[in-house]
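Student: Predicted model and sequence follow; I will ask about them next.
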Protein chains: 4
Amino acid sequence: MIIILRPNTDKNSDEYRETLRYLHNLPNILIREHQEIGVQQILTELYLIGETSAITSEEIALLPGVERVVRVSEEYRILGRHKDETRSSHFEYNGVLFSQNNFNVFAGLCAVDTREHIDLMMRALQANQQVCTRMGAYKPRTSPYAFQGHGKSCLPDVFELAGKYGIKIVAMEITHESHIHEIDEALSNTGHPTGVMLQIGTRNTQNFELLKIAGRQQKYPVLLKRGFGITLEESLNAAEYLASEGNRRVIFCLRGMKTSASDPHRNFVDFAHVPTIKRLTRMPVCIDPSHSVGSRAQSPDGIMDIMHVTAQGIIAGANMVLADFHPAPEKALVDGPQALLIKELPRFLEDIAIAREAYEKRVALFAQPL
Amino acid sequence: MIIILRPNTDKNSDEYRETLRYLHNLPNILIREHQEIGVQQILTELYLIGETSAITSEEIALLPGVERVVRVSEEYRILGRHKDETRSSHFEYNGVLFSQNNFNVFAGLCAVDTREHIDLMMRALQANQQVCTRMGAYKPRTSPYAFQGHGKSCLPDVFELAGKYGIKIVAMEITHESHIHEIDEALSNTGHPTGVMLQIGTRNTQNFELLKIAGRQQKYPVLLKRGFGITLEESLNAAEYLASEGNRRVIFCLRGMKTSASDPHRNFVDFAHVPTIKRLTRMPVCIDPSHSVGSRAQSPDGIMDIMHVTAQGIIAGANMVLADFHPAPEKALVDGPQALLIKELPRFLEDIAIAREAYEKRVALFAQPL
Amino acid sequence: MIIILRPNTDKNSDEYRETLRYLHNLPNILIREHQEIGVQQILTELYLIGETSAITSEEIALLPGVERVVRVSEEYRILGRHKDETRSSHFEYNGVLFSQNNFNVFAGLCAVDTREHIDLMMRALQANQQVCTRMGAYKPRTSPYAFQGHGKSCLPDVFELAGKYGIKIVAMEITHESHIHEIDEALSNTGHPTGVMLQIGTRNTQNFELLKIAGRQQKYPVLLKRGFGITLEESLNAAEYLASEGNRRVIFCLRGMKTSASDPHRNFVDFAHVPTIKRLTRMPVCIDPSHSVGSRAQSPDGIMDIMHVTAQGIIAGANMVLADFHPAPEKALVDGPQALLIKELPRFLEDIAIAREAYEKRVALFAQPL
Amino acid sequence: MIIILRPNTDKNSDEYRETLRYLHNLPNILIREHQEIGVQQILTELYLIGETSAITSEEIALLPGVERVVRVSEEYRILGRHKDETRSSHFEYNGVLFSQNNFNVFAGLCAVDTREHIDLMMRALQANQQVCTRMGAYKPRTSPYAFQGHGKSCLPDVFELAGKYGIKIVAMEITHESHIHEIDEALSNTGHPTGVMLQIGTRNTQNFELLKIAGRQQKYPVLLKRGFGITLEESLNAAEYLASEGNRRVIFCLRGMKTSASDPHRNFVDFAHVPTIKRLTRMPVCIDPSHSVGSRAQSPDGIMDIMHVTAQGIIAGANMVLADFHPAPEKALVDGPQALLIKELPRFLEDIAIAREAYEKRVALFAQPL
């Protein structure tokens, strides 16, 4: 059960204290408080956890200072889209808006290699009016004997060049809590030239300890990738670990599932779940066409499958795309065969615009009364 | 190896005989002949099966009457898109064109129930300028105790009403060879008011005997559904059974795969394979959004998942859609919960038009030199 | 609901007629009758299908001639192991007993090739006191260009040699109803020297028309293989198609499932479901280790995986094993790499004996009160 | 490439230095050293990583102090069973031997709850001559709102009671590196009454950072569970992360895979891979029947599926079993429905003995020349 208090409720007020006293007397109920601090107002929410079935919404709605009571199902308490849910679902980070209603592109390097490649990539992004990118410093690899990423040593280059080319957000996978501190430090040392979105990859979707730690910090938003071998419900519950610890700036990313039915694609593209996730939760939904498809194969219409599945995600309402580019894919240390070329970036963006425009036309069509 | 003879080659000509004599003398080689009879010319192809690795293309190209030699990989000999493949891949049936470059809609009843419902459905199709439909008479059901379709008894109604409302093709699943004869007979008895496309369902994708029989007849084109629990390669090989027996008028239909990763969709939507199949084969590709999604759930943008995945298939180049409609879904005997309403048909078609237009814009974009 | 009448109930008796009259008056109920003709008595069962929830067991138990009433769940009406089920679950065919309590070995050729190989195989079986075998004449193959089996032409050799070496049952896959007639004819032409168990393979598990036809004949028992890409429930429902048409002499065969988790085995060995199927149904359970494992790989203990999984099936109570052998695997036309050698047959049988003995000790252990 | 030096090679010897100097001069080669310190001798191994294809085994074998050179495939360098591999594969911990040739039972509580239950469990183990157990303090749960285990607070009770009842090893899942320190501390505070085997669960199989940390310590052996949604190869590579960091005391545990084919079992039992893993690697193989099956369902022979699959694992050579027991399953906080009762422990052990005896008979049978 979620209790939404009136905006700007003072914690020292009598009504707040009275309400809390009442709630603390309820048997077998744990209370967790969350504050959403906006520009104009502070919103306080109280989460009741435990035997809430014994309490009625009416009883709670009558308590002083309570604006609204939402009875939630067991699942996705915070991020879920509950019955009659009208709460907002967007956030802004470093000047960039993320919501279920807009669209952002994160093109960049799957794995950072040389300073020259970072520079070429960022320069191209700026030339194409892009302010977000992806840059992999920490790479989880199936075999311990494979290249594991340059780690913290490449962070200063990445952040400095991001600042140089006006990039506002770098999406970057982390695989251990220490990486958050390394990012903190490198950002601080370079004078905070850009922002960072923490990515948690598909092998760590159920690394609950990492989720809790990424959930406890509120400095960086988190992009959580769907687990490639678990159910959608389990992956959405994993997102809830982030939110239940306090960080609600969570984006959910589809990246394909592991199954033998995916061949010849690397993973089974799951972008049909874009609208499904928007129905079940309030998170913006990202798609990762590069890791889903895993090759530059193209159909007789001259369009690569990577472009096709990107368009598929967008025409169904995706809010973000993560795409692998590389200035010289044959030299890439990780996943070169699926990287797009820098000269393909403008067309990639044009193609996205066509699909997004089609999505908006569709929304307008369905907004009309039947 | 495929040997394409010059158009209108006469089987009684000296050159034909000489070439055949040469081929028959090759050790461990079987020859299969296929004729494509067009309006203006007859095209003869000879398939060499067996130890073709010992033969060179050059040697065969020099034989009299030979226009071109295509060395094919083991797989998808006839339907495959082989290296340097330029052969045409379209066919016309009862005035309707099917190819990898155009688009057709087959909306209709998953399972035929009453004459009244057939009439309502067909009337609505005509009112919306549609000339194709789907009508299920033979329904394979998981349990022997479930409704199995009205079978041949409903065929006269279906065909007669199709004729009345200008429907040129009825797609209809068959599960046994006898159904072909029943369809023959009912069409004949009603004066051939319409055409029929035979559907082979996902449970019969590897029912090779049924495929061979549907492949031996050339009266009806065949829509083969992908097997929901086998690899794509295995399903494409199944299509090849139809072609290897002589029937090349084959459309391949994606309908979702069985895996626990699909929830809450009924099946795992596999429309990312639309461009993949167009790359691997020359078959037109159909999508079945109704059985993939399996419900009328809709996202907060007011658009049903069924509509979303339809748009996804089309923006990636799908050539046909099969969709379940019903005048009164609550009375439907099979799959009512996923049926669209007749009043939703116009909007469904408008939505399709938006997605198809976006696809065509994308093709034009990628046709420009980079 | 199943109504079991008193043994040897005469259909012309007054009590039979009165009971039938009563049942026919029940609204929305269909009655299907089944007779089990044994050596000493005839057992008649009446199946009530439809709105049985409105009828009480007590009401029916009072009707004349009724011995017992079993209320069944929707699923597996005939083959299922319903609540308080005590009905027998064995059958004898050509002198061989099949039940959930005993064990039979079917070693033989996956695909029949030469008369010499059939002879060598059958001779080895006789030398090892075996009276059952498997012999594949009709082979469903993924590609239309692969060897499809010798079909009816090899049947006379198979049956004649079976007779010569005292083989009482040949398990043989069929893929089309015409194969039943071809088997009939070949058995008749050779003087019925042996019996045949019809196998329906994993690609045809949901070929409901073939199941119905194999279910309508009662001459041959049927071995139904589990579908390799569907749920267990769906496969058990497929078995019910055989029974609902009249043939209850059905054995259910586990043969591994298709999933990427199976590697390096060809299929994911599913023999943990042996006890599960015995709990859910009354069918004897067969295992097919050859197609599950698909190779002759062996672990450091010197035992092949094929032998290991055979032992696993048996120690959990399997009732039959189907195993591929070949006198010269390198010459086998189908699945040579997984075939056991004829000289390995005695050890295979000894290994089976160890596992079966262990199973029997386990049953004795658990039969003691805790 | 692995270079095994002569036993007790001194690092200050001339031959050692000369060999190292030679190796350091090889281009693009990284050297990693590992010492296996036994009671009687010290074994030094040098791992060459990088472009080893340019080096010949013969060239290296001639270097001073080298006893043997093993060229390894890319995968499973340390834990793998390479061509002509004869290296030992066992280890002893706290007086208990683990190898591919013996068998150990770990029965215990899935999740620790009360001191009374720990006491009852441990007492029963001692009464049945058991010296190992499983005790879950840290429980990774799908939902953040579910009980997450008592954590470090229960460790003193667990260790103290283990000591009291003569338990030598407690297998305990960890989900974060800090848990290792908490275990260190609790063992130290209680006077080291027992040993601990660290478990890494199926959700963390590819949590490479946790694997590296568990691999860097050598105090505790590690039980790694197979990832339930990845390939076997990927899971074995994960085990290699432990070994490549220095800890070779690794046991690999099968626990069932996630797929819809598993129903009605909780997971798809994968114990057919027991001999496969023994072939591919030198690790002892554990089975977890409780989490695989997930219920107490039993077949008509009166034996629970949990017992059946345990016997299946053992008859194919499993080396360890992890089983959930609980004194009062109805009060268990986690996975109660699959727990065995304490009074069922003696029979569980007797059943295991029957299966193990059968396995040993099988090994003896196959040890005879064919």
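Tutor: Looks like it came in fine.

Student: For the rest of this, base every contact and every neighbour count on C-alpha atoms.
Tutor: Noted.

Student: who's in contact with A:Arg226?
Tutor: A:Arg226 makes contacts with A:201-202, A:205, A:232, A:235-236, A:252-255, as judged by Cα atoms under 8 Å, 6 or more residues apart in numbering or on different chains.

Student: what would those look like in TSV with distance to chain C and pLDDT?
Tutor: Listed next are the contacts of A:Arg226 as TSV, based on distance: Cα to the nearest Cα, whole Å; pLDDT from 0 to 100:
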residue	distance to chain C	pLDDT
A:Gly201	21	97
A:Thr202	18	96
A:Thr205	20	96
A:Leu232	19	94
A:Ser235	20	96
A:Leu236	24	95
A:Phe252	26	98
A:Cys253	23	98
A:Leu254	20	98
A:Arg255	18	97
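
Student: Which of those residues sits closest to B:Met172?
Tutor: The closest of the contacts of A:Arg226 to B:Met172 turns out to be A:Leu232 (Cα to Cα; 34.1 Å).

Student: Now the closest one: phi and psi?
Tutor: With angles defined as degrees, to the nearest 10, A:Leu232 shows backbone torsions of phi -60, psi -40.

Student: Might one say that it is in contact with B:Asp263?
Tutor: Yes: using Cα atoms under 8 Å as the test, A:Leu232 is close enough to B:Asp263 to be in contact (6.8 Å).

Student: Between the two, point out the one with more neighbours.
Tutor: The residue with more neighbours, out of A:Leu232 and B:Asp263 and counting by other Cα atoms under 10 Å in any protein chain shown, is A:Leu232; that gives 21 against 16.

Student: Identify the residues contacting that one.
Tutor: Residues in contact with A:Leu232, defined by Cα under 8 Å, 6+ apart, are A:226, B:261-263.

Student: I'd like the contacts of A:Arg226 written out as a markdown table, with secondary structure added.
Tutor: Output for the contacts of A:Arg226, formatted as a markdown table (DSSP: H, G, I helix; E, B strand; the rest coil):
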| residue | secondary structure |
| --- | --- |
| A:Gly201 | coil |
| A:Thr202 | helix |
| A:Thr205 | coil |
| A:Leu232 | helix |
| A:Ser235 | helix |
| A:Leu236 | helix |
| A:Phe252 | strand |
| A:Cys253 | strand |
| A:Leu254 | strand |
| A:Arg255 | coil |
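
Student: of all these, which two lie farthest apart?
Tutor: Using Cα to Cα, the contacts of A:Arg226 reach their maximum pairwise distance at A:Gly201 and A:Leu232, which is 14.9 Å.

Student: quick one, strands of the stretch 251-370 of chain A?
Tutor: Across the stretch 251-370 of chain A, reading from the start of the chain, the strands by DSSP state E, counting those that start in this stretch fall at A:285-287, A:320-326, A:340-341.

Student: could you check whether the first one is close to chain B?
Tutor: Spelled out, that is strand A:285-287. No: for strand A:285-287, no contact with chain B is found by Cα under 8 Å from any Cα of the partner chain; the gap never falls below 12.4 Å.

Student: and that strand, which strands flank it?
Tutor: When pairs are called by DSSP bridges, strand A:285-287 turns out to pair with strand A:250-254 (parallel), strand A:320-326 (parallel).

Student: Near the closest residue to A:Gln338 other than its chain neighbours, how many other residues are there?
Tutor: Nearest residue to A:Gln338, sequence neighbours excluded (Cα to Cα, 6 or more residues apart in numbering or on different chains): A:Ser295, at 4.3 Å. When neighbours are defined as other Cα under 10 Å, A:Ser295 has 21 of them.
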